[in-house]
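>>> Predicted structure and sequence below. I'll ask about it afterward.
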Amino acid sequence: MPLKELLNEAKNLDIQEQIQLATQLLQWVEIKINQKPQDSSSKKTRQAGLGLGSCIFTADFDDPLSNEFWLGES
């Protein structure tokens, strides 16, 4: 439900229900603010060399491509 619709629904509540809703919202915000951010050091570190050999480059890798390649003729 879009925020605009939620606000319209909240306006239709009686004052006691609005206070209760606002209290719950503030409690939720307080919990979110006080949550500790995830410790970036707990992430697994990458290990170099796992993909070794998965890609092979030929000796002519740096050679220019032919006109046929660029014109879509080959």
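Ah, there it is.

>>> could I have the longest helix anywhere in the chain exported to PDB, CA atoms only?
Using DSSP state H to define each element, the chain has its longest helix at helix 15-34. Extracted as PDB, the C-alpha positions of helix 15-34 are listed here (Å, rounded to 0.1, in the frame of the first residue of the first chain):
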ATOM      1  CA  ILE A  15      -7.400  10.000  18.300                       C
ATOM      2  CA  GLN A  16      -6.500   7.100  20.600                       C
ATOM      3  CA  GLU A  17      -5.800   4.800  17.700                       C
ATOM      4  CA  GLN A  18      -3.600   7.500  16.100                       C
ATOM      5  CA  ILE A  19      -1.600   7.900  19.300                       C
ATOM      6  CA  GLN A  20      -1.200   4.100  19.500                       C
ATOM      7  CA  LEU A  21      -0.100   3.900  15.900                       C
ATOM      8  CA  ALA A  22       2.400   6.800  16.300                       C
ATOM      9  CA  THR A  23       3.800   5.200  19.500                       C
ATOM     10  CA  GLN A  24       4.400   1.900  17.600                       C
ATOM     11  CA  LEU A  25       6.000   3.800  14.700                       C
ATOM     12  CA  LEU A  26       8.300   5.600  17.000                       C
ATOM     13  CA  GLN A  27       9.300   2.400  18.800                       C
ATOM     14  CA  TRP A  28      10.100   0.800  15.500                       C
ATOM     15  CA  VAL A  29      12.200   3.800  14.400                       C
ATOM     16  CA  GLU A  30      14.100   3.700  17.700                       C
ATOM     17  CA  ILE A  31      14.900   0.000  17.200                       C
ATOM     18  CA  LYS A  32      16.100   0.600  13.700                       C
ATOM     19  CA  ILE A  33      18.300   3.500  14.800                       C
ATOM     20  CA  ASN A  34      19.800   1.600  17.700                       C
END
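
>>> Quick check: next helix or strand after it?
Where DSSP states H and E defines the elements, the next helix or strand beyond helix 15-34 is helix 67-71.

>>> so how far is that following helix off the chain centroid?
Remark: helix 67-71 is offset 39 Å from the chain centroid, using C-alpha atoms, centre = their mean, to the nearest Å.
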